[in-house]
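Student: Whatever this is, show me its structure:
(chains A and B)
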Amino acid sequence: MSTTATEVRPSAGHVPTSRRERRARELHRGNPLWGLLAWVVGLLFVAPVLWMVLTSFHSETDAATNPPSIAADLTLDGYRSFFAAGPWPPLINSMSASIVSTILVLLLAIPAAYALSIRPVKRWTDVMFFFLSTKFMPIVAAVLPLYLFARYAGLLDNITYLALLYTAMNLPIAVWMMRSFLAEVPVEMLEAASIDGAGLIRTLRSVVAPVAVPGIAATALICFIFSWNELLLARTLTAVVAQTSPVFLTGFVTSQGLFLAQLCAAATVVSLPVLVAGFAAQDKLVQGLSLGAVK
Amino acid sequence: MSTGTHTPRGRPAAGTAVTPPPTSSTTGARRVSNWARRAPLVPAFVFLFIATQLPFLTTIVISFTNWNALRPGERDFVGVDNYVEVFTNARLRESVWNTVVLTVVVVGVSLVLGMLIALLLDRKFFGRGAVRTMMIAPFLVVPIAAALLWKHALFNPSYGLLNGVLTWIWNLFGSQEPPQFEYLTVAPMISIQVALIWQWTPFMMLILLAGLQSKPGDAEEAARMDGASGWQIFRYLTFPHLRQYLELGGLLGAIYIVQNFDAVFTITSGALGTANLPYTIYQTFFQAGQYGLASAMGVVVVIGTIIIATFALRVVSTMFKEEGAR
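Tutor: Numbers count the residues shown, from 1 in each chain, chains lettered A, B, ... in the order given. Got it, this is the predicted structure:
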């Protein structure tokens, strides 16, 4: 344990140039065909997404042709029909449930992670496994009691109840992620700060925060995405008032006649927040998805 | 793991007494200090206990009753009848089987594809960042939107993109009779799997690519100088290093695919023998109103996931060990 905390691994964004250069040299050489293959695979994977966006700008008749009319005229009709269907309340519901639950998750997870890493309780690994084990329970196994309780307490179709449940859903992941980030806090510096007589707040701000803030960002991103995407609980527990965007999407297909363009417009709009956040913070996404194991 | 228990990670935290002697006066102080350490943990612990453990305990209790929403009068204790039903009813057995198949196929194929693509993206080529961004896109489409997209815009036999591309290629070669498939009726299960693999391969790829890039290059360089072949380098250097990332990806993927509801619900509505346990449970609750039976199924799912969990705990334990050794 002699090397503990002396080597704080650089975070993904700040790899020293020397290491990056070395890495670049290792990545050889070689056949441009592999690069070409990578492009082909990448295009294959992104094609359905591009098709979704392109179709959303087509007229309904152009969207439903065989072979596909790729070069058809662009129009905003799909978006007009989507926004005419009243998507704002569900979008706002989703946004508030996701944001509120993400904030609650952070408020609960950060102190917990502190007590599991910086000043760890005894048997902290057992506590970690308790948190993770709650993720092994599929939501569907708890949905009936949650529904019955909501019916009994008058919380059906209530966005606050949904936000609280999303908090519980994401809390274990957040605790795991935050612990793995806080474990990187250099303890020598904590000791030095306490010898210098720095108070708790100052220690948190000047020693803990620089390591923790990127972790908080990654945690928040993942919690937001999972809450935004959730369907089963929302479909079970909300109806009209508290309906979220995924639930709205499931009801969107029942319209008669041609609907492909407006469906693609709806799917694009609902996915947009996640696409933007995910693309903007790709490294955070990886850190978050691996529960902080990959830095 | 012994290092992780008493003086965690081998060092006392700032400002606390190290192993005070067990005299009566210090025991009290230590107890206070222990509770001060536990305090930040309490809100999260209590909240999670109330929100997850209590509902599950209720599910277990309901699973031993014949509670049916359509017959509100009777609610009696029926022992293990519901569990017998879960394992003898052919429809329920089928959904257990479907859950296993769906999970194994989707996680397995996504892992293999994800690894191959990660190996491709670990090389240097023009536009590597752009290709990585394109690869991530499927994972960022909201799952329910992705399921709708596959069902209506891609699989649809008359105007879906898949048949559309076939028509287009055949027309290109002057043929007026392109093959057209009814994907969802001919191969409903494979259709669901394809849509999920499309979403989960990027997830696996991201974790494995990060794993590849954390790999020290020195050993590989040395091996190459000693004349090791590409396959040998992969087999004896890259793969062992990737192993824990493969396990992590497999574990997280399995947790989410076992629970998958969105894709089955949207693409086939559980028809044509594709219903998995989450979908069947949902139906048993909210359409059939058989609360007792559905709860028993829920308990079975949890037990199934615990089997994965036992494997999982081994994986994460090794991760803790490596962190302790760092």
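Student: give me the residue from chain B nearest chain A.
Tutor: Nearest to chain A in chain B, going by Cβ to the nearest Cβ, is B:Phe125, at a distance of 2.8 Å. C-beta here means a position set from N, CA and C on the backbone, and glycine is covered the same way.
Student: right, and the secondary structure at B:Gly73 would be what?
Tutor: Of the three states, B:Gly73 takes coil under DSSP: H, G, I helix; E, B strand; the rest coil.
Student: since we're on it, how many residues are nearby?
Tutor: 5 (other Cβ atoms under 10 Å in any protein chain shown).
Student: any idea how far it is from B:Asn66?
Tutor: According to Cβ to Cβ, to the nearest Å, B:Gly73 and B:Asn66 sit 11 Å apart.
Student: again, but for A:Thr102
Tutor: A:Thr102 is 41 Å from B:Asn66, where distance means Cβ to Cβ.
Student: ok, A:Leu54 - contacts?
Tutor: By Cβ atoms under 8 Å, 6 or more residues apart in numbering or on different chains, the residues touching A:Leu54 are A:Ile70.
Student: For stretch A:208-223, buried residues please.
Tutor: A:208, A:211-212, A:214-223 (16 or more other Cβ atoms under 10 Å in any protein chain shown).
Student: Where does the prediction get shaky in chain B?
Tutor: Counting by pLDDT under 70, the ranges of chain B that qualify are B:1-27, B:308-309, B:311-326.
Student: If we use 90, what do you get?
Tutor: For chain B, the stretches flagged by pLDDT under 90 are B:1-42, B:44-97, B:99-100, B:104, B:121-129, B:132-133, B:152-188, B:206-278, B:281-294, B:297-326.
Student: Show residues contacting the helix or strand hosting B:Ile144.
Tutor: If you go by DSSP states H and E, B:Ile144 is part of helix B:143-148. Helix B:143-148 is touched from outside by A:52, A:229, A:231, A:246, A:249-250, A:252-253, A:263, A:266-268, A:270-271, B:138, B:195, B:198-199, B:262-263, B:265-267, with contacts defined as Cβ under 8 Å, 6+ apart.
Student: Longest helix of chain A, counting residues only.
Tutor: If you go by DSSP state H, chain A has its longest helix at helix A:88-117.
Student: helices and strands around it, which ones?
Tutor: helix A:124-135, helix A:159-182, helix A:209-229, helix A:245-250, helix A:260-280, helix B:42-48 (3 or more Cβ pairs under 8 Å, 6 or more residues apart in numbering or on different chains; DSSP states H and E).
Student: now that helix: mean pLDDT?
Tutor: In this model, helix A:88-117 carries a mean pLDDT of 92.
Student: roughly how far is it from the heart of the chain?
Tutor: Centre-to-centre, helix A:88-117 and its host chain are 11 Å apart (Cα atoms, centre = their mean, to the nearest Å).
Student: And for stretch A:229-247?
Tutor: Mean C-alpha position of stretch A:229-247 versus that of the full chain (Cα atoms, centre = their mean) differs by 18 Å.
Student: where exactly do the strands run in chain B?
Tutor: For chain B, applying DSSP state E gives no strands.
Student: count of neighbours near the closest residue to B:Ala275 other than its chain neighbours?
Tutor: Nearest residue to B:Ala275 in three dimensions, chain neighbours excluded: B:Ser95, at 4.8 Å (Cβ to Cβ, 6 or more residues apart in numbering or on different chains). Using other Cβ under 10 Å, the number of residues around B:Ser95 comes to 26.
Student: Would you agree B:Asn276 is in contact with B:Trp97?
Tutor: No: using Cβ atoms under 8 Å, B:Asn276 is not in contact with B:Trp97; the gap is 9.2 Å.
Student: higher neighbour count, the two?
Tutor: The residue with more neighbours, out of B:Asn276 and B:Trp97, is B:Asn276; 30 against 13, by other Cβ under 10 Å.
Student: contacting residues around the more buried one?
Tutor: B:Asn276 sits next to B:95, B:98-99, B:102, B:260, B:264, B:270 when contact means Cβ under 8 Å, 6+ apart.
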